[in-house]
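Q: no letters, just coordinates:
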């Protein structure tokens, strides 16, 4: 019974979700800050907080939390892509590009990762690399989107 109690969801997570749904981002951020402070080794709180901070333009703060999320999740591409966005906006382009490349290597067969990489390059204004990110899965054997087939 104690093990079952340990796995009950923290009610603050529900409040966090409701805050996001009602666009009360300040409240959602405060909840995540509290959870991250209480559970500093939980990467999901760091990543979510970093994304919220990125959304409001607090790039230096977002960088700290996303750096920690990357360190806590060495095999996860999501935090790397989020951190890459922050670094790109901070004009740290070489490190941002390296993180995007790492994310692609970590989950080479995951179409969602390649779509996220393509979205990163589209947002960065690099259509050529965005196209490559969309089509890389075709090269590795999983068809996504590609050039029109010639008749």
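A: Happy to help now that I have it. Please read all numbers here as calculations on a predicted model, not as lab measurements.

Q: what sits against residue 13?
A: By Cβ atoms under 8 Å, 6 or more residues apart in numbering, residue 13 lies in contact with 31, 35. (Each C-beta comes from the backbone N, C-alpha and C, glycine too.)

Q: so which strand or helix has it?
A: helix 11-21 (DSSP states H and E).

Q: report the buried residues of the next helix or strand after that helix.
A: Heading C-terminal from helix 11-21, the first helix or strand you meet, by DSSP H and E, is helix 25-38. Neighbour-count burial for helix 25-38 flags 28-29, 31-33, 35-36 (criterion: 16 or more other Cβ atoms under 10 Å).

Q: how about the residues you listed in a markdown table, adding pLDDT and distance to residue 99?
A: A markdown table is the format used below for the buried residues of helix 25-38 (pLDDT from 0 to 100; distance: Cβ to Cβ, whole Å):
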| residue | pLDDT | distance to residue 99 |
| --- | --- | --- |
| 28 | 88 | 25 |
| 29 | 90 | 23 |
| 31 | 91 | 27 |
| 32 | 89 | 22 |
| 33 | 92 | 24 |
| 35 | 90 | 25 |
| 36 | 91 | 21 |
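
Q: using JSON lines, lay out these together with distance to residue 46.
A: As requested, these are exported to JSON lines (distance: Cβ to Cβ, whole Å):
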{"residue": "28", "distance to residue 46": "14"}
{"residue": "29", "distance to residue 46": "13"}
{"residue": "31", "distance to residue 46": "14"}
{"residue": "32", "distance to residue 46": "9"}
{"residue": "33", "distance to residue 46": "10"}
{"residue": "35", "distance to residue 46": "10"}
{"residue": "36", "distance to residue 46": "6"}
